[in-house]
Structure formats: C-alpha cells, structure tokens
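*Asks:* only geometry, no sequence info:
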Ligand SMILES: [Zn+2]
C-alpha cells in the first residue's frame, strides 16, 4: 500500500462526495440508493488512486461481492466500468 496515492482525509471525504454526486447517489451496479460505499476500481492495495476515474459508487451488497472477488471490476469510472460476474458468467458495463 503506498501512502502517496492517498488524499488527506478531508480531501478524500470531499472526493467521495464528488463520486456520489457524479453517480447520482445510486449504486452503479444495481441502482440502490442506500448503504452506499465508494469503491476503488483498482484496489488501493494494488496502487489504485483516489481519483474520480478510479472511484465509483456501489452499495454494500455489491461491495462485499467485489471484495470476495465474485465481481471483478475494471475500467474508467468517469466513462464506464466493466463488471465481470464470476457466478453468473456474464459481463456488463456500468
Ligand atoms: Zn448495488
């Protein structure tokens, strides 16, 4: 985990708000409007940055699946992110 990729806490909080606003305060995967988290498309642990194109809004349900690696995400969150669903063996863009 590299510390230089991280925004200071206050700026990160503001960045998360920008992400939520861009995504219309909805989970990009299922449209849920509650229990929203901001997720790093490329994980922080793999050098993912706190940039708008690496952050997207997901609900806790999908967030859990992502971290269990049932869903694999890649792409540019400002444009579209490809979701690979390992269980259903499907791929879609959000
Ligand atoms: Zn969701």
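*Replies:* Yes, it's here. Just so you know, these numbers come straight off a predicted model, no measurement behind them.

*Asks:* contacts and neighbour counts: CA atoms only from here.
*Replies:* Will do.

*Asks:* what kind of secondary structure is the spatially closest residue to residue 53 that is not a sequence neighbour in?
*Replies:* Excluding the flanking residues, the one nearest residue 53 by C-alpha to C-alpha, 6 or more residues apart in numbering is residue 77, at 4.4 Å. Here residue 77 is recorded as coil under DSSP: H, G, I helix; E, B strand; the rest coil.

*Asks:* and residue 77, how many neighbours?
*Replies:* For residue 77, the count of nearby residues is 23 (other C-alpha atoms under 10 Å).

*Asks:* quick one, what contacts it?
*Replies:* 41, 52-56 (C-alpha atoms under 8 Å, 6 or more residues apart in numbering).

*Asks:* could I get the pLDDT score of it?
*Replies:* On pLDDT, residue 77 comes in at 98.

*Asks:* repeat for the one 10 residues further on
*Replies:* Per-residue confidence at residue 87 stands at 94 (pLDDT).

*Asks:* now for the residue nearest to it when sequence neighbours are not counted, how many residues are close by?
*Replies:* In space, and not counting its chain neighbours, residue 87 is closest to residue 70: 6.6 Å by C-alpha to C-alpha, 6+ apart. Other residues near residue 70 come to 16 when the count uses other C-alpha under 10 Å.
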